[in-house]
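J.: show me the folded form of this:
(one chain, ligands or ions: 1)
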Amino acid sequence: MRLVTDLAVSALFLAPVFARMADLVVPRCPATAPAKFTTQIPSGGPCPETQVDLCYTDTTLNLKFTARGETNFYFDPSQTTNGDIWEYEVMEAFIYKGTSDPQTYFEYEVSPNNVTYNSFVYNPSRVRAAGQPFDHAFVTDPFADGFKVNTALNKPNKLWTTESSIPLALFNGEDPKGSVWRMNFFRTITGPDTYPNQQLCGWKNTNLANFHVTPAFGTVLFK
Ligand SMILES: *[C@@H]1O[C@H](CO)[C@@H](O)[C@H](O)[C@H]1NC(C)=O
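T.: Predicted coordinates for the structure are as follows:
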């Protein structure tokens, strides 16, 4: 009876409540749901249109990043997996399985030359407070672990797309139907004339020139 009660509570009560609260409801693939943004962080000024289309399978979270209005496609060709690609142009996803404002979450980034950054972040202050610990634990062999990435640049149309697949086992999150997660998505823009200054763009505004503000993460329901 206990199991039946728990199932009834989550099916009849929690799922609809989270569905109302969720900023994004992610379907099973091949359907997708878009997180779109055109907002600069923290100013709220305009950013070129950016979109992350999400869907899930029993074992993966699939993300398709689309950067429109891209002019520089700017990266350092000497950088490889888990290099400091965030100094140049990247699209990013911060991912946490659970509903709280996390102190540990996964940071995924991809650059226009198909290089990725794959790291857990330790951010106990939740806002990357000055003088507080802030650390990374890299996933050192992402492709052996089942990550997938594929990038296409369409320079005449100022378009950059990347399709990524991230193993849900990384989060103890396989078969995620009905679960609620926290996420944020970002894009950095720079170029040879402006580097190292960057324009920061994001789905949920952190209200700081800093992406690592977890109370700002959006709420994502896997339906
Ligand atoms: C991107 O990198 C992945 C992993 O190394 C590789 O499988 C894929 O073919 C690459 N795609 C392109 C377009 O370079």
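J.: how about the strands in the protein?
T.: 24-26, 33-39, 46-56, 60-67, 91-97, 104-110, 116-122, 135-138, 148-154, 159-167, 180-189, 199-202, 218-222 (DSSP state E).
J.: need the pLDDT of the closest residue to the ligand within the chain.
T.: Among the residues of the chain, N114 lies closest to the ligand, at 3.8 Å counting by C-beta to the nearest ligand atom. Heads up, the C-betas are built off the backbone N, CA and C, glycines and all. As predicted, N114 sits at a pLDDT of 98.
J.: got the contact list for it?
T.: For N114, the contact set (C-beta atoms under 8 Å, 6 or more residues apart in numbering) comprises 149-151, 162.
J.: let's have the strands of the chain in TSV, adding distance to D76.
T.: Below are these laid out as TSV (distance: least, C-beta to C-beta, whole Å):
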stretch	distance to D76
strand 24-26	32
strand 33-39	25
strand 46-56	21
strand 60-67	18
strand 91-97	16
strand 104-110	13
strand 116-122	13
strand 135-138	18
strand 148-154	15
strand 159-167	16
strand 180-189	13
strand 199-202	18
strand 218-222	30
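J.: save these as a markdown table, and put in mean neighbour count too.
T.: Below are those laid out as a markdown table (neighbours: other C-beta atoms under 10 Å):
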| stretch | mean neighbour count |
| --- | --- |
| strand 24-26 | 19 |
| strand 33-39 | 17 |
| strand 46-56 | 19 |
| strand 60-67 | 22 |
| strand 91-97 | 24 |
| strand 104-110 | 22 |
| strand 116-122 | 19 |
| strand 135-138 | 12 |
| strand 148-154 | 14 |
| strand 159-167 | 20 |
| strand 180-189 | 24 |
| strand 199-202 | 22 |
| strand 218-222 | 21 |
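J.: redo the contacts of N114 as JSON lines? Include pLDDT and distance to the ligand.
T.: Shown next, in JSON lines, are these (pLDDT from 0 to 100; distance: C-beta to the nearest ligand atom, whole Å):
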{"residue": "V149", "pLDDT": "98", "distance to the ligand": "5"}
{"residue": "N150", "pLDDT": "98", "distance to the ligand": "5"}
{"residue": "T151", "pLDDT": "98", "distance to the ligand": "5"}
{"residue": "T162", "pLDDT": "98", "distance to the ligand": "9"}
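J.: you'd agree F106 is up against Y122?
T.: No: F106 is not in contact with Y122 according to C-beta atoms under 8 Å; the separation is 11.3 Å.
J.: enumerate the residues of this protein near the ligand.
T.: Residues of the chain that fall close to the ligand, judged by C-beta under 6 Å from any ligand atom: 114, 143, 149-151.
J.: for P192, see how far away K64 is.
T.: Between K64 and P192 the distance is 28 Å, computed by C-beta to C-beta, to the nearest Å.
J.: next: A31.
T.: As defined by C-beta to C-beta, A31 lies at a distance of 40 Å from P192.
J.: who's the residue sitting nearest the centre point of the chain bridged to?
T.: The C-alpha lying nearest the average C-alpha coordinate of the chain belongs to A93 (C-alpha atoms, centre = their mean; 1.3 Å). Partner residues in beta bridges with A93, using DSSP bridges, are Y108, F185.
J.: V149 - nearest residue in space that isn't next to it in sequence?
T.: For V149, ignoring the flanking residues on the chain, the nearest one in space by C-beta to C-beta, 6 or more residues apart in numbering is S164 at 4.9 Å.
J.: I meant to write Q79 there.
T.: Counting by C-beta to C-beta, 6+ apart, the residue nearest Q79 is I85, at 5.4 Å.
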